[in-house]
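[1] One predicted model, sequence on top.
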Amino acid sequence: MVPLVSYVDGEYVGDHLGGPGTHDRENPADVAEVVSTARWADPAIAEHAVASARAASSSWQATPAPVRGDVLRRCADLLEQRTAAIAQDMAREQGKTVPEAAGEVGRSVAILRYFAAQTLAPDGSSYPSHQAGTRLFSRRIPVGVVSAITPWNFPLAIPVWKIAPALAYGNTVVWKPSEVVPLTSTALLAAFIDAGLPGGVLHMLLGGGAGLGPALYDVDAVTFTGSTSVGREVVLPAAVASGAQVQLELGGKNVAVVLADADLDLAVAQVARGAFLSAGQKCTATSLVLAQESIRAELAARLSAWAAAAVVGDPRASATEIGPLATAAQLERYESFLDPAAHGGTVIAGGRGPAGGHFARPAVICDADPHSRASRDEIFAPIAVLEPVADLSDALRRANETHFGLTASIFTSELAAAYRFIDEIETGIVKVNQESAGLEFHVPFGGIKDSGYGPAEQGLAAQEFYTRSKTVYLTHAG
Ligand SMILES: NC(=O)C1=CN([C@@H]2O[C@H](COP(=O)(O)OP(=O)(O)OC[C@H]3O[C@@H](n4cnc5c(N)ncnc54)[C@H](OP(=O)(O)O)[C@@H]3O)[C@@H](O)[C@H]2O)C=CC1
Ligand SMILES: O=C(O)CCC(=O)C(=O)O
């Protein structure tokens, strides 16, 4: 198998640049199959990428914004044409089902087209001046060089919603994807290259974060999506120390509140989707279900029936609803949460799935101890933890106890309850009668508390992070 390699300064990095060796990626649905072999970059290559991005910065900034937009539009067209192949590769290396993977390609295409269109949008404001003969205006200008560190759970969409706005607004980018998804990452890079992106503007570094990370902070902005521990404890202090601006998208402990007046059919379907699809590996996944006492038993029984009926298996088989977890560590993590010591309640559905891969069945834990690990920590696997609540006030108190603040949802037919929840829940995103996961691409996305740091991502919010403001006072001489 020809190893996949990094891409730096307009060239695929061959053996002549060295590197710490090759790493195989297994198929999470069939661990005997090697899906790819990648040659990892070493820190010297990462430093070279940052220097090259710096060197390419002024010519990319000088490229007219609509011309930059054209590159993004062509990249979108290419990804769209390559959807089927990319979806197969994504399913093989990450484990999401082919429809989920194809949906992610479609979402990435839409994001690229959205930011291509933004290159035609106003890039500043004009103000009246107190001084005669003076034009006073502000412009948004690129920040310069951006490092993007991305995870494996949305291996195409997350890189795209960082790289597309960074490029559209005139920045050069050094991108370190997760080591788990080199095939999908290489497919995205290839689409940018084939779309005509000039060398030096986008660099991709294959390899582990601990080794390459330190070379990535001497830039103007660092955008990171991943675990709260790496984001807060490693990336944030290092990037701040180097003077870079920082954006972190981190974990969640997302709550779904189900009140007694909810449409229970809708609530069961949406909570199950939020908790179990993509094997629960979304930062927006529903993790804690707070059910009002009178409907708690019925909700638990119906969620458990949904979980028992779900088809868990090969993500490339058409009947499959839930693929494997992405890694052996993820499966271990899942199993650790089903241990009675981790929840203090009763497991009414769940357990290991078919042999041969990292399969986990959707799990439901009832009457968990609110102080337990399962009730407090991010799980990132298909487990719904149920706790009873007395009423909306009790649900809000319990939901706001969590140190995360990404998304939350409420199921109710009472408008007053919905509005109170919208006002009082401490999260960046709130949904009413919808699953906690599943975001639209053109609106701001960001969490509060331990779920995020810095400006939100996506939509018009992206401009705030990927540009800074320059104010111009222009007085006519003579
Ligand atoms: N908010 C979200 O969307 C996500 C949250 N998570 C949470 O994180 C947990 C673990 O997932 P995981 O992917 O391992 O998350 P990590 O935070 O470890 O990884 C995210 C990215 O950061 C990189 N990275 C890892 N260590 C460092 C470091 N020391 N310096 C710089 N970069 C680093 C990773 O590289 P590499 O892995 O190649 O070493 C990857 O590219 C999940 O179980 C979940 O709780 C995970 C993914 C997404
Ligand atoms: O729910 C979604 O659509 C996005 C989830 C996400 O951003 C993540 O898991 O990192």
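    Structure received. Ligands and ions are numbered 1, 2, ... in the order given.

[2] beta partners for V347?
    I365 (DSSP bridges).

[3] Close to ligand 1: what parts of this structure are there?
    Neighbours of ligand 1 within the chain, by Cβ under 6 Å from any ligand atom: 149-153, 176, 178-179, 208-210, 213, 225-227, 230, 234-235, 249-251, 283, 378, 380. C-beta coordinates here come from the backbone N, C-alpha and C atoms, glycine included.

[4] Apply 5 Å and report the result again.
    Within the chain, the residues that sit near ligand 1 (Cβ under 5 Å from any ligand atom) are 149, 151, 153, 178-179, 208-210, 213, 225-227, 230, 234, 251, 283, 378, 380.

[5] List buried residues within the residues you listed.
    Neighbour-count burial within the residues of the chain next to ligand 1 applies to 149, 151, 153, 178-179, 209, 213, 225-227, 230, 234, 251, 283, 378, 380; the criterion is 16 or more other Cβ atoms under 10 Å.

[6] name the element the residue positioned nearest the centre of the chain belongs to?
    Taking Cα atoms, centre = their mean, the centroid of the chain lies closest to I158, which sits 4.6 Å from it. Using DSSP states H and E, I158 falls within helix 157-168.

[7] Identify all contacting residues around that helix.
    Residues outside helix 157-168 that contact it (Cβ atoms under 8 Å, 6 or more residues apart in numbering): 60, 65, 68-69, 71-72, 104, 107-108, 111-112, 114-116, 118-119, 146, 148, 150-151, 173, 175, 177, 185, 188, 192, 197, 201-202, 223, 225, 249, 441, 445, 457-458, 462-463, 465-466.

[8] Would you check how far apart the closest residue to E249 other than its chain neighbours and E335 are?
    The shortest distance from E249 to any non-neighbouring residue, by Cβ to Cβ, 6 or more residues apart in numbering, is to T225 (4.2 Å). In this view, T225 and E335 are 25 Å apart by Cβ to Cβ, to the nearest Å.

[9] Next: A29.
    18 Å.

[10] And the two? Which one has more around it.
    The residue with more neighbours, out of A29 and E335, is A29; 25 against 16, by other Cβ atoms under 10 Å.

[11] what sits against that one?
    92, 95, 313-316, 323-324, 356-359.

[12] average pLDDT across the one helix or strand L299 maps to?
    Counting by DSSP H and E, the element that carries L299 is helix 293-309. Mean pLDDT, helix 293-309: 98.

[13] other SSEs contacting that helix?
    helix 264-276, strand 286-292, strand 346-352, strand 360-366, strand 383-389 (3 or more Cβ pairs under 8 Å, 6 or more residues apart in numbering; DSSP states H and E).

[14] that older thread, using TSV, lay out the contacts of A29 together with neighbour count, pLDDT and secondary structure.
    TSV is the format used below for those (neighbours: other Cβ atoms under 10 Å; pLDDT from 0 to 100; DSSP: H, G, I helix; E, B strand; the rest coil):
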residue	neighbour count	pLDDT	secondary structure
R92	24	98	helix
G95	30	98	coil
G313	19	98	coil
D314	23	98	coil
P315	28	98	coil
R316	16	98	coil
G323	30	98	coil
P324	28	98	coil
G356	14	97	coil
G357	25	98	coil
H358	25	98	coil
F359	23	98	coil
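
[15] Could you let me know which of the residues you listed ends up closest to A275?
    Nearest to A275 among those is G323, at 15.3 Å by Cβ to Cβ.

[16] which parts of the stretch 301-450 of the chain sit against ligand 2?
    Residues of the stretch 301-450 of the chain lying near ligand 2 by Cβ under 5 Å from any ligand atom: 437-439.

[17] For those, give me a markdown table that also has secondary structure and neighbour count.
    Shown next, in a markdown table, are those (DSSP: H, G, I helix; E, B strand; the rest coil; neighbours: other Cβ atoms under 10 Å):
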| residue | secondary structure | neighbour count |
| --- | --- | --- |
| A437 | coil | 24 |
| G438 | coil | 16 |
| L439 | coil | 20 |
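
[18] low pLDDT regions in this structure?
    15-20 (pLDDT under 70).

[19] Next up, the contacts around the closest residue to ligand 1 within it.
    In the chain, the residue that lies nearest ligand 1 is G209 (2.1 Å; Cβ to the nearest ligand atom). Residues near G209 by Cβ under 8 Å, 6+ apart: 149, 176, 178-179, 226, 230.
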